[in-house]
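Student: With the sequence up front, the predicted model follows.
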Amino acid sequence: MRRMINRRQFLSLCCAGPLAAAWMRAEAVDIACLRPLPPELAQHELVQAAFDGLDPSQLWDVHAHLVGTGDSGGGAYVDPRTESWRHPVERIRRMVMMAAACVDDAPDGGIDERYMARLDLLIDAFPPGFRMLLFAFDHTVDDDGRERPEQSTFFTPNAYAAAMAQARPQRFGWVASVHPYRPDALARLDAAAAQGALAVKWLPSSMNIDPASARCDAFYARLRALRLPLIIHCGEEVAAPGARQHAFNNPLRVRRPLAAGVRVIVAHAASLGHARDTDRLAHGEDDEAAPRVSSFGLLTRLMEEPQWVGRLYADVSAVFQRNRELDVQRALIVRREWHDRLLHGSDYPLPGIGLVYRLERFVDAGWLRPADAEVLNRIRPHNPLLFEFMLKRTLAVDGVRLGRAVFETRRVFEPIN
């Protein structure tokens, strides 16, 4: 199904920023909302090959967003400004998110239910044992520990994420989100662990969290005691601006939780944008004096520091979208020594938007056969989740593919001493 933009929406897009500009360049919004794969695709050899050699019981998608409007009573919501064209950028952000999940964003309710129903349909294409980790998403909290809902792009309560996962435990797990500046942060973290949370997720720039701040130390100590990993966004963030504290997404800031003994998973492998190389500052210099370098380059530095082996990981959600550099994508594939530290994640629901992928660039680079690209492009409108998984399994650079450890991610969420 292809959803067209009407004239009023088009005019609003004209002043809605980079995301709108990308949308305007297409004749229509290419939304992957076709029903299940036809038999000739479901049984295609490329689909079968994607699962060859993998243990389904170890296959976990470690990065998936649970978004809702609260119409189910679960307490989730999206920024209220997204409901009106008076705020075109926010409105488009909501449209993209809901359209990617194939949810008809109608005022008559049922959005939460349809979001999960779509996920259930997509995940049925995967073998029994495959699970997806659904993310909660906490409010922005200011430096005084107060919730700032007006700065929260969206909110997904821990209780709601837990309920959705516990209703389908064979297919879903859940990841808590607890802001460390809350006065009751440790109690909330304990409660999430008791409810079966498998990790904690932060988006520092949006939530107003400085991972390098001493005020997080008690939280890190509790994470270590609970043996829960911390999934932390590093690199540029465009989908959830929130508090807009972009400096907090610097990969070098995760050294503090690492030094505290926390397992850290850098979301998206810091594959987008730039950050200050604060390692090059002289004593007493302000961060703004440091040169701006690739965020991925800073993550590379951390990955090469031997003290973090076994503690520092990176998920590869979104890294093969068209806004990432080929050099970054190449490095993630060819560096075999990293493969047991890279973790598959889909960044669902974004794979549902066709504009974020361009397979021709991989064909031109010699990483993807034209015939395989054609099959993948046929699969994506039916099942973007399967498409995204297969793309990672199929890409090959100089004969090197992402290893099985990238996809058998369950081990990283097992408690360790």
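Tutor: That came in fine, so what should we check first?
Student: From now on I want contacts and neighbour counts done on CA atoms only, so please keep to that.
Tutor: Fine.
Student: quick one: the helices in the stretch 201-350 of the chain?
Tutor: 204-207, 217-226, 255-259, 295-303, 326-334 (DSSP state H, counting those that start in this stretch).
Student: which residues does the residue nearest to the spatial centre of the chain contact?
Tutor: Centroid-nearest residue in the chain, with CA atoms, centre = their mean: residue 347, separated by 3.6 Å. Going by CA atoms under 8 Å, 6 or more residues apart in numbering, residue 347 touches 63, 64, 65, 317, 318.
Student: quick one on the thing from earlier: would you tell me which of the helices of the stretch 201-350 of the chain gets closest to residue 266?
Tutor: helix 295-303 (8.4 Å; CA to CA).
Student: Which residue ranges of the stretch 301-417 of the chain form strands?
Tutor: 312-315, 342-343 (DSSP state E, counting those that start in this stretch).
Student: would a markdown table of the ones you listed with mean pLDDT be doable?
Tutor: Shown next, in a markdown table, are these (pLDDT from 0 to 100):
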| stretch | mean pLDDT |
| --- | --- |
| strand 312-315 | 98 |
| strand 342-343 | 98 |
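Student: which one of these is the most hemmed in?
Tutor: strand 342-343 (a mean of 28; mean count of other CA atoms under 10 Å).
Student: That one: partners in the sheet, and parallel or antiparallel?
Tutor: strand 312-315 (parallel) (DSSP bridges).
Student: Now residue 188: which helix or strand?
Tutor: helix 185-194 (DSSP states H and E).
Student: That helix - what's its average pLDDT?
Tutor: Mean pLDDT, computed over helix 185-194, is 98.
Student: so which of the contacts of residue 347 would you say is closest to residue 401?
Tutor: Closest to residue 401, out of all of these and judged by CA to CA, is residue 317, at 16.1 Å.
Student: For the closest one, grab the count of nearby residues.
Tutor: For residue 317, the count of nearby residues is 27 (other CA atoms under 10 Å).
Student: looking at it, it is touching residue 345, isn't it?
Tutor: Yes. Taking CA atoms under 8 Å as the definition, residue 317 is a contact partner of residue 345 at 4.4 Å.
Student: and for the two, which residues touch both?
Tutor: Joint contacts of residue 317 and residue 345 (CA under 8 Å, 6+ apart) are residue 63.
Student: Show the pLDDT at residue 70.
Tutor: 88.
Student: Can you tell me the SS state at it?
Tutor: coil (DSSP: H, G, I helix; E, B strand; the rest coil).
Student: With adjacent residues omitted, what lies nearest to it?
Tutor: Closest residue to residue 70 apart from its sequence neighbours, by CA to CA, 6 or more residues apart in numbering: residue 76 at 4.5 Å.
Student: Next up, the contacts around that neighbour.
Tutor: Neighbours of residue 76 in contact, by CA under 8 Å, 6+ apart: 67, 68, 69, 70, 154, 155, 156, 157, 160.
Student: Taking those, tell me the two that lie furthest apart.
Tutor: 154 and 160 (13.4 Å).
Student: how far out from the middle of the chain is the helix holding residue 188?
Tutor: Its chain's average C-alpha position is 23 Å from that of helix 185-194, according to CA atoms, centre = their mean, to the nearest Å.
Student: Report the angle between it and helix 217-226.
Tutor: 20 degrees (axes from the mean of the first three to the mean of the last three CA atoms, to 10 degrees).
Student: quick revisit: would a markdown table of the strands of the stretch 301-417 of the chain with distance to residue 55 be doable?
Tutor: Below are these laid out as a markdown table (distance: least, CA to CA, whole Å):
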| stretch | distance to residue 55 |
| --- | --- |
| strand 312-315 | 19 |
| strand 342-343 | 15 |
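Student: Those: which one's closest to residue 47?
Tutor: Going by CA to CA, the one of those nearest residue 47 is strand 342-343, 20.2 Å.
Student: didn't residue 215 look like it was pressed against residue 181?
Tutor: Yes. With contact defined as CA under 8 Å, residue 215 reaches residue 181; the gap is 7.4 Å.
Student: separation between the residue nearest to residue 70 and residue 35?
Tutor: 27 Å (CA to CA, to the nearest Å).
Student: Equivalent analysis for residue 342, please.
Tutor: Residue 342 is 31 Å from residue 35, by CA to CA.
Student: same thing with residue 338?
Tutor: On the measure of CA to CA, residue 338 and residue 35 end up 36 Å apart.
Student: Between the two, which is the more surrounded one?
Tutor: A count of neighbours by other CA under 10 Å puts residue 338 above the other of residue 338 and residue 35, at 21 against 13.
Student: so how many other residues sit close to the residue nearest to the more buried one when sequence neighbours are not counted?
Tutor: Using CA to CA, 6+ apart and skipping residues adjacent in sequence, the residue nearest residue 338 is residue 332, 7.6 Å away. Counted with other CA under 10 Å, the neighbours of residue 332 add up to 21.
Student: Can you check the pLDDT for residue 332?
Tutor: pLDDT, read off for residue 332, is 98.
Student: mind listing what it touches?
Tutor: Residue 332 makes contact with 338, 339, 402 under the criterion CA under 8 Å, 6+ apart.
Student: Tell me which residues touch residue 411, please.
Tutor: So residue 411 contacts residue 58 (CA under 8 Å, 6+ apart).
Student: Distance of it relative to residue 62?
Tutor: 11 Å.
Student: likewise residue 193?
Tutor: For residue 193 relative to residue 62 (CA to CA), the value is 17 Å.
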